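*Asks:* Kindly generate the corresponding structure for this input.
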Amino acid sequence: MKIVYMGTPDFAVPALEALHREGYEIPFVVTQPDALRDRGKKVKFPPVKEKALDLGLQVMQPEKMRKDEGFIKTLRDAAPDLIVVAAYGQLLPKEVLDIPAKGCVNIHGSLLPRFRGAAPVQRAIIAGDEETGITLMYMEEGLDTGDMIAKRSTSTAGKTGQQLHDELSQMGAELLVETIPHLDAITAEKQNDEESTYAPMISKSEGHIDFSKTPDEIERIIRAFDPWPGSYVYCGDKIMKLWQAEVPGRKTDAADGTVLGAGESGIDVAAAGEVLRITQIQVPGKKRVAVREYLKGNSIEIGTILG
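*Replies:* Residues are numbered from 1 along each chain as shown. Just a heads-up that it's a prediction; the model follows:
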């Protein structure tokens, strides 16, 4: 079977490796254009491009696929049986979707129709979903609206955004190569649009912790945004990043954001009438450290307001 693969970030690398390992013919790999760093002085390849080159595969990087007639002609001439897409970063126009005989299959990082969109992994953690997973689906012109081919789930319990991302990335690759040989025999399931939710792209500003939220909500935000964009508060005029927290299950009458205590076990902060315990932090110019290590050479006064 001839497969064209489209993907860009780290999430999309394991599936490309798996297709290559299984011996599928991959005429070329499609990824987003290279990024410029250091004011345009350095070029950074997308992770999928780096892996494709390592595997000896040809790479194509159309700026805007729907306007690139030369690319679309090359794709049509390649006559792929299947196009596989994982976090590519561009919507595929209908003329591309119609090219492969067996359709276009997307690897999506949620249990659709929940969390369609750009950031399903982090949004599942933030929402408090006990499980999430991978959905393989046929692509259509809508955003993550196509018929579902296969699903696999996993628990979100205690996992950071990075840990869950990495797990789902591998899970998607495994599910893909298990499913492709049986595509013709599988009856895809339509999504129930009434059950759909949206997972918008994450912005850095979302990492600013609001202590009017409950400790459970804040703990999930801290996990979801590890490593990016990271969660933070202002302690005086300085930013303090929060990397780990716990919920001790205590009540308080103190104002939201008030430091109630700081010691070996962490920094206790009032949040929505309860207590959040911060256990790992990072201050400007330093590495992440456990609060107990930070307090060996620093102090945080009880009554300080974090905001």
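*Asks:* list the contacts for the residue nearest to residue 29 when sequence neighbours are not counted?
*Replies:* In this structure, residue 29 finds its nearest non-sequential neighbour in residue 52, 4.0 Å apart by Cβ to Cβ, 6 or more residues apart in numbering. Placement of C-beta: from N, CA and C, glycine included. With contact set as Cβ atoms under 8 Å, 6 or more residues apart in numbering, residue 52 has these partners: 5, 16, 29, 31, 58-59.
*Asks:* Pretty sure residue 52 sits in a helix.
*Replies:* Yes - counting by DSSP: H, G, I helix; E, B strand; the rest coil, residue 52 falls inside a helix.
*Asks:* separation between it and residue 12?
*Replies:* From residue 52 across to residue 12, the span is 10 Å (Cβ to Cβ, to the nearest Å).
*Asks:* Ok, residue 25 next?
*Replies:* 19 Å.
*Asks:* Ok, residue 51 next?
*Replies:* The gap separating residue 51 from residue 12 is 9 Å, by Cβ to Cβ.
*Asks:* Likewise for residue 178?
*Replies:* Residue 178 is 18 Å from residue 12, where distance means Cβ to Cβ.
*Asks:* any idea whether residue 216 is helix, strand or coil?
*Replies:* Under three-state DSSP, residue 216 comes out as helix.
*Asks:* Just the pLDDT for it.
*Replies:* pLDDT recorded at residue 216 is 98.
*Asks:* ok, the nearest residue to it once chain neighbours are set aside - contacts?
*Replies:* With sequence-adjacent residues excluded and distances taken as Cβ to Cβ, 6+ apart, residue 216 is closest to residue 247, at 5.7 Å. For residue 247, the contact set (Cβ under 8 Å, 6+ apart) comprises 215-216, 219, 274-277.
*Asks:* how about the helices in the stretch 201-307 of the chain?
*Replies:* Secondary structure of the stretch 201-307 of the chain by DSSP state H, counting those that start in this stretch: the helices cover 215-224, 291-294.
*Asks:* what does the stretch 51-200 of the chain give?
*Replies:* For the stretch 51-200 of the chain, the helices defined by DSSP H, counting those that start in this stretch cover 69-78, 94-97, 120-127, 161-179.
*Asks:* if you compare the helices of the stretch 201-307 of the chain, which one is most tucked away?
*Replies:* The highest mean neighbour count among those, using mean count of other Cβ atoms under 10 Å, belongs to helix 215-224: a mean of 22.
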